[in-house]
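Trainee: A predicted structure for the sequence below; I have some questions about it.
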Amino acid sequence: MLGKTYLTKQASLLVEFARTTSNSELSAKLISKAADLKSQADPLPDKDRGLKAPDVSSDG
């Protein structure tokens, strides 16, 4: 599963690209995809989980 930070960053990049294009159809599609990503990110916890499984201990 992708994390909230990743999804939010990708949405921000799509909005940035949408602002730079002169193609209004492309801009609308980019904004729509950014909104989709944002809606996926909203219900996720603020802190992304690390790469370790929850049952892995940090004992050496």
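Mentor: Thanks, I have it.

Trainee: need the three-state assignment for the spatially most central residue of the chain.
Mentor: Closest to where the C-alpha atoms of the chain average out (C-alpha atoms, centre = their mean) is residue 7, at 0.8 Å. Per DSSP: H, G, I helix; E, B strand; the rest coil, the local secondary structure of residue 7 is helix.

Trainee: I'd assumed residue 41 was in contact with it.
Mentor: Yes - here residue 7 reaches residue 41: they are 3.8 Å apart, a contact under C-beta atoms under 8 Å. Placement of C-beta: from N, CA and C, glycine included.

Trainee: so what's the residue count around residue 34?
Mentor: 21 (other C-beta atoms under 10 Å).

Trainee: residues touching it, list them.
Mentor: Contact analysis of residue 34 by C-beta atoms under 8 Å, 6 or more residues apart in numbering lists 10, 11, 12, 14, 15, 18.

Trainee: so where does the third one fall, helix or strand?
Mentor: Assigned by DSSP states H and E, residue 12 belongs to helix 4-20.

Trainee: how far is that helix from where the chain is centred?
Mentor: Taking C-alpha atoms, centre = their mean, to the nearest Å, one finds the center of helix 4-20 at 7 Å from the center of the full chain.
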